[in-house]
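**Q** Dropping a prediction and its sequence here:
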Amino acid sequence: MAAGSAWRSLVSRRFPVSGSNRPFSELRWFRDSGCMVQDPTQFDVLVMPNLYGDILSDLCAGLIGGLGVTPSGNIGANGVAIFESVHGTAPDIAGMDMANPTALLLSAVMMLHHMGLHDHGKKIQTACFDTIRDKKVLTKDLGGNSKCSEFTADICRRIQDLD
Amino acid sequence: MIKLNSKNIRIFLIYFFIRRLRVKMAAHGSLLSVFKSINPRWNGPLGNSVKIFGTTFTNHRNKATLTREHIPPPAKYGGRHTVTLIPGDGIGPELLSHVKEVFRFSCVPVDFEVVQVNSAMESEDDIMDAITAIRRNGVALKGNIETKHTLPPSVKSRNNVLRTTLDLYANVMHCQSLPGVQTRHKDIDIMIIRENTEGEYSSLEHESVPGVVECLKIITRNNSLRIADYAFRLAREKGRSRVTAVHKANIMKLGDGLFLQCCREVASGYPDITFDSMIVDNTTMQLVSKPQQFDVMVMPNLYGNVVSNVCAGLVGGPGLVPGANYGQDYAVFETATRNTGKSIAGKNIANPTAMLLASCMMLDHLKLYNYATLIRNAVLTTMNETRLHTADLGGQGTTLEVVQSVMRVIQSKGQLTAEF
């Protein structure tokens, strides 16, 4: 489509591949979705227009465990940014200390990186991943029985241990 | 006699503007309504048609296009069918030559009329010749024709031209898990029905302001009703219990909203089939986490593109799944994901399964059920029992080895065969 070719030429003209050897390649996005399902590890950074991003971001969220663990950020001009989890409001479990805080927590980590507080961001991310990897204190959506507060407390404990 | 006054000049300008958009279906309706409102005299004596400069814009949507009219059986000259074969680009020519070889070996009463389409040319003569051949024969088997990005944007996708000119409104794909292919998810059995002629593939774009491109997505009531009806009829025919409409009507309230509304209307006429809907981004997420929940899915063009590729990836890749494009009068068979496979062309590593299964669907369409079953079973035996796989499935086999294995299985069934 012309929109596609105009977008392609704009991206390759404005942001020429220079300096580091990062290849820029285009992939027809329908083939992308098939390749994503078969071998998602071949992809690194993907850039695309709005609708394709909507579809592909949910597809990738499904590949890594769902919307409960997927962070996101909306970046505007002049550093204005809003970070949010992409899952819904889940009114059925609101106020019951059952929700998985991972998505919002990792979104906050993205915010810390955006603000330049890389050390803090890295610490919290490491603690969060270690807690999930350990599988001892998991919320219900990840297959465990623990409460949200217990999960958070475990992450805090790990951060303290890292200090 | 039409007077040249300001009112009529306005009418002519509107006519040329709408004509330029080349939105055939919507233009007929909009033209009719525009002219009827501006000059009611034109409506009265002519009924539903308006005669302008010798052309007649008839509202032929009044025809019963939704009920399946009787399609005459395909012609059999000398007891043999003639099928148009379009080799296409990339791996298409080699895979179709293997199909011809398997047909020759199995003594299938089908002759192929080969029509080459040169994707590097700007003129549409080649594809028009192919369309004429398909009109003549009624059925075609094709490889994907490459759409070169170096050509100007005015050169449309040849595959798209073929589908829209022949009005092949339904693209049908059946994704089934194969026991012999290792995949993350098992027991997948999804039928995908994709609207094939409009939506985001209407090829209507313009750049009114430099750097700002507008692309028109066309959704019409008639085509939406038609595809929904096709999906429900197919579900009933195949004994399926659930149809899911995939959409993005929360954002595209008018376009996808119309599609969804049409699906709901058609669903009310099929009380034995459960109907539900799902937004496309949630659909892709559900497909990669729990694909077994889906039965039959119906959707507009672009979402069909995504969902069919995701489903093909789930069952083992683009080399396994055949696809069919059905219209009122014609049928064209090809691989489901329509890949050209340029990077693996000529290397004898492409998976011939999808094209062979597509040829079996074609044989079913020609009512040559015995041959279709024979070849299909041979392909599935090679895939599931012999487990001779090509590189895309993690195997070491070449295309030729897989095809020869298929032919050996056919021979072992005791059928009359030609020589190897």
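**A** Here it is on my side, so go on.
**Q** Report the residue spans of chain B with pLDDT below the cut-off.
**A** With pLDDT under 70 as the threshold, chain B has low-confidence stretches at B:1-3, B:11, B:14-73, B:75.
**Q** can you list the residues of it near chain A?
**A** Applying CB under 8 Å from any CB of the partner chain, one finds that chain B approaches chain A through B:149, B:153, B:203, B:205, B:207, B:211, B:213, B:215, B:248, B:280-282, B:284-289, B:302-303, B:305-306, B:309-310, B:312-314, B:317-318, B:337, B:339. Any C-beta I mention is one placed from the backbone N, CA and C, and that applies to glycine too.
**Q** rerun that using 6 Å as the cut-off
**A** B:149, B:153, B:205, B:213, B:215, B:280-281, B:284-285, B:288-289, B:305-306, B:309-310, B:312-314 (CB under 6 Å from any CB of the partner chain).
**Q** And the strands in the chain?
**A** Picking chain A for this. A:71-75, A:81-85 (DSSP state E).
**Q** Chain B is the one I meant
**A** Counting by DSSP E, chain B has these strands, from start to end: B:50-52, B:55-57, B:81-86, B:110-114, B:139-142, B:170-176, B:189-195, B:205-209, B:212-215, B:242-247, B:274-279, B:296-299, B:322-326, B:331-335.
**Q** So A:S107 sits against A:V69, correct?
**A** No - shown here, A:S107 and A:V69 do not form a contact pair, counting by CB atoms under 6 Å, at 10.8 Å.
**Q** do you know how far the residue lying closest to B:L204 once chain neighbours are set aside is from chain A?
**A** Taking CB to CB, 6 or more residues apart in numbering or on different chains, and ignoring the residues beside it in sequence, B:L204 has B:L216 as its nearest neighbour in space, at 4.0 Å. Computed with CB to the nearest CB, to the nearest Å, the distance linking B:L216 and chain A is 11 Å.
**Q** show me the residues around the closest residue to B:G257 other than its chain neighbours that make contact.
**A** Distance criterion CB to CB, 6+ apart; nearest residue to B:G257, sequence neighbours excluded, is B:A249 at 4.5 Å. Counting by CB atoms under 6 Å, 6 or more residues apart in numbering or on different chains, B:A249 makes contact with B:D256, B:G257, B:L260.
**Q** which residue packs closest to A:G88, ignoring adjacent ones?
**A** Sequence neighbours aside, A:L67 is the residue nearest to A:G88 in space, at 7.7 Å (criterion: CB to CB, 6+ apart).
**Q** How many neighbouring residues does the closest residue in space to A:I159 that isn't next to it in sequence have?
**A** Distance criterion CB to CB, 6+ apart; nearest residue to A:I159, sequence neighbours excluded, is A:A127 at 4.7 Å. Using other CB atoms under 10 Å in any protein chain shown, A:A127 is surrounded by 20 other residues.
**Q** who touches A:A127 in this structure?
**A** A:I155, A:R158, A:I159.
**Q** Skipping adjacent residues, who's closest to the second one in space?
**A** Excluding the flanking residues, the one nearest A:R158 by CB to CB, 6+ apart is A:A127, at 3.8 Å.
**Q** A:N100 versus that neighbour, what's the distance?
**A** 15 Å (CB to CB, to the nearest Å).
**Q** can you check B:K76 too?
**A** B:K76 is 63 Å from A:N100, where distance means CB to CB.
**Q** what's the spacing between the nearest residue to B:D295 once chain neighbours are set aside and B:I219?
**A** If you skip the residues right next to it in sequence, B:D295 has B:R242 as its closest partner in space, 4.1 Å away by CB to CB, 6+ apart. Between B:R242 and B:I219 the distance, using CB to CB, works out to 23 Å.
**Q** The two: which is more packed in?
**A** Between B:R242 and B:I219, counted using other CB under 10 Å, B:I219 has the larger neighbour count: 24 against 14.
**Q** doesn't B:Q261 make contact with the more buried one?
**A** No - between B:I219 and B:Q261 there is no contact under CB under 6 Å: 10.4 Å.
**Q** Pull the number of nearby residues for the closest residue in space to B:S208 that isn't next to it in sequence.
**A** Take B:S208 and drop its neighbours on the chain: the residue closest to it by CB to CB, 6+ apart is B:E214, 6.7 Å away. Counted by other CB under 10 Å, the residues lying close to B:E214 total 12.
**Q** Over to the one 10 residues further on?
**A** Using other CB under 10 Å, the number of residues around B:S224 comes to 26.
**Q** same thing with B:L151?
**A** Counted with other CB under 10 Å, residues neighbouring B:L151 total 13.
**Q** do you know how far it is from B:R104?
**A** 36 Å.
**Q** got a pLDDT number for the residue nearest to A:G88?
**A** According to the model's per-residue confidence, A:L67 sits at a pLDDT of 85.
**Q** Wait, it touches A:C60, no?
**A** No - look at A:L67 against A:C60 with CB under 6 Å: they stay out of range, at 10.8 Å.
**Q** So for those two, which residue has more residues nearby?
**A** Neighbours of A:L67 and A:C60, each counted by other CB under 10 Å, are more numerous for A:L67; the result is 21 against 18.
**Q** can you pull the pLDDT of the nearest residue to A:V69 once chain neighbours are set aside?
**A** Take A:V69 and drop its neighbours on the chain: the residue closest to it by CB to CB, 6+ apart is A:T102, 4.6 Å away. At A:T102 the predicted local distance difference test score is 94.
**Q** Okay, A:T102 and A:F83: tell me how far apart.
**A** Note on A:T102: its distance to A:F83, by CB to CB, is 14 Å.
**Q** Looking at those two, which is more packed in?
**A** Under the neighbour definition other CB under 10 Å, A:T102 and A:F83 were set side by side, and A:T102 has more, 24 against 19.
**Q** show me the contacts for A:G62.
**A** The neighbours of A:G62, taking CB under 6 Å, 6+ apart as the test, are B:M285, B:V288, B:S289.
**Q** If we use 7 Å, what do you get?
**A** Under the criterion of CB atoms under 7 Å, 6 or more residues apart in numbering or on different chains, the contact partners of A:G62 comprise B:T284, B:M285, B:V288, B:S289.
**Q** And for B:G346?
**A** By CB under 7 Å, 6+ apart, the contact set of B:G346 is B:E94.
**Q** What is the burial count for the closest residue to chain A within the stretch 1-150 of chain B?
**A** Across the stretch 1-150 of chain B, no residue is closer to chain A than B:H149, which sits at 6.0 Å (CB to the nearest CB). By other CB under 10 Å, 12 other residues sit near B:H149.
**Q** how many neighbours does the residue in the stretch 301-420 of chain B that chain A sits nearest to have?
**A** The stretch 301-420 of chain B approaches chain A most closely through B:G313 (3.2 Å), counting by CB to the nearest CB. Each residue near B:G313 was counted by other CB under 10 Å, and the total is 25.
**Q** from what I can see it touches A:D39, true?
**A** No - with contact defined as CB atoms under 7 Å, B:G313 does not count as touching A:D39 (9.0 Å).
**Q** domain ranges for chain B?
**A** Each structural domain of chain B that the record assigns through the TED database is listed here as a residue range: B:73-146+B:157-172+B:320-413, B:184-315.
**Q** quick one, which of those is nearest to A:H118?
**A** Shortest distance between A:H118 and the domains of chain B, using CB to CB, is found for domain B:184-315: 30.4 Å.
**Q** And the closest one, how far out from the chain middle?
**A** Taking CA atoms, centre = their mean, to the nearest Å, one finds domain B:184-315 lying 13 Å from the centre of the chain it belongs to.
**Q** Stretch A:85-92 now?
**A** Counting by CA atoms, centre = their mean, stretch A:85-92 is centred 16 Å from the centre of its parent chain.
**Q** before we move on, back to that, against B:L95, how distant is the residue nearest to B:G257?
**A** Computed with CB to CB, the distance linking B:A249 and B:L95 is 38 Å.
**Q** okay, which residue is most central for chain A?
**A** Nearest to the centroid of the C-alpha atoms of chain A, with distances taken as CA atoms, centre = their mean, sits A:P71, at 3.8 Å.
**Q** List the beta-bridge partners for that one.
**A** Beta-bridge pairing of A:P71 under DSSP bridges involves A:S85.
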